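K.L.:
pasting the sequence and the predicted coordinates here, then a few questions.
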Amino acid sequence: MNLFIVSGAPNTGKSTTVYHLCTYLLNLGYVKTDIPYNGKRYSTSTSFPPILANDFSCLLEKEGKKVLIHTATDDVFNIDALVNSINNHKPSIVITTCRDFGDWPRDYFCSQLKLVNSFILASTSDIDIEEFPLSRITRRTTRFATAYEWYFINSTHQIEKILSLPPYSI
């Protein structure tokens with residue numbers, strides 16, 4: 001299994017970034033099946049960057065490749081739901097979120113996925129891991145929107161490039 005994690009402090013855009021990646025994969029021809037573990041589902045946004053992207057979980061498939069997308073990992077319930085989805089659907093790729101280093105949800109996340117929690121995540125099994133950390137935009141007043149859009153576009157562009165290469169090859 002190949003694990004791609006978008007990480008960061010609360011309210012840094014982790015779920016919004018993963019939401020964008022789901023839209024990106026759907027545009028590449030992946031077919032989506034919702035996994036409504038929390039009653040929420042992915043729904044198409046008309047804004048860019050997406051505004052107020054709800055947490056969701058879904059399975060995307062194309063040419064035999066299964067990609068599990070799961071946005072919420074900030075509490076025990078949601079982390080356990082991620083682990084259950086991995087066990088039930090056996091995806092080759094998981095795209096998810098994780099809190100930043102030093103936050104308790106990250107500790108629980110790592111223990112449940114059998115990862116070594118360090119500044120650079122490591123696996124105790126055959127999981128290939130890539131972590132893409134996000135940070136907060138601190139600009140104020142009228143410059144915030146432009147700075148955020150620049151940051152979001154460049155971050156998602158870099159992530160799309162990473163996911164296009166092995167071992168993901170999306």
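P.N.:
Now that the structure is in, tell me what you want to look at.

K.L.:
list the contacts for residue 147?
P.N.:
By CB atoms under 8 Å, 6 or more residues apart in numbering, the contact set of residue 147 is 137, 139. To be clear about C-beta, it is placed using only N, CA and C from the backbone, and glycine gets the same treatment.

K.L.:
in stretch 76-90, which residues are buried?
P.N.:
78, 79, 81, 82, 85, 86, 89 (16 or more other CB atoms under 10 Å).

K.L.:
what do you get for stretch 13-27?
P.N.:
Buried residues in stretch 13-27 (16+ other CB under 10 Å): 13-23, 25-26.

K.L.:
now the nearest residue to residue 76 once chain neighbours are set aside: which helix or strand?
P.N.:
Nearest non-adjacent residue to residue 76, counting by CB to CB, 6 or more residues apart in numbering: residue 108, 6.3 Å away. Assigned by DSSP states H and E, residue 108 belongs to helix 104-113.

K.L.:
C-terminal to that helix, what's the next element?
P.N.:
With DSSP H and E, the next secondary element past helix 104-113 is strand 115-116.

K.L.:
which residues touch the helix holding residue 108?
P.N.:
Here helix 104-113 makes contact (CB under 8 Å, 6+ apart) with 3, 7, 73-76, 79-80, 82-83, 86, 98-100, 115-117, 121, 127.

K.L.:
how about the helix ranked longest in the chain as CSV, C-alpha atoms only?
P.N.:
Criterion DSSP state H: the longest helix present in the chain is helix 143-164. Coordinates of each C-alpha in helix 143-164 appear next as CSV, following Å, rounded to 0.1, in the frame of the first residue of the first chain:
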residue,chain,number,x,y,z
ARG,A,143,-3.3,40.3,0.8
PHE,A,144,-4.6,37.1,2.5
ALA,A,145,-6.8,35.9,-0.4
THR,A,146,-4.1,36.3,-3.0
ALA,A,147,-1.4,34.7,-0.8
TYR,A,148,-3.7,31.8,0.0
GLU,A,149,-4.6,31.2,-3.7
TRP,A,150,-0.9,31.3,-4.6
TYR,A,151,-0.1,28.8,-1.8
PHE,A,152,-3.0,26.5,-2.6
ILE,A,153,-2.3,26.4,-6.4
ASN,A,154,1.4,25.7,-5.9
SER,A,155,0.9,23.1,-3.2
THR,A,156,-1.7,21.2,-5.1
HIS,A,157,0.5,21.4,-8.3
GLN,A,158,3.4,19.9,-6.4
ILE,A,159,1.2,17.1,-4.9
GLU,A,160,-0.2,16.3,-8.4
LYS,A,161,3.4,15.9,-9.7
ILE,A,162,4.3,13.6,-6.8
LEU,A,163,1.2,11.5,-7.3
SER,A,164,1.9,11.2,-11.1
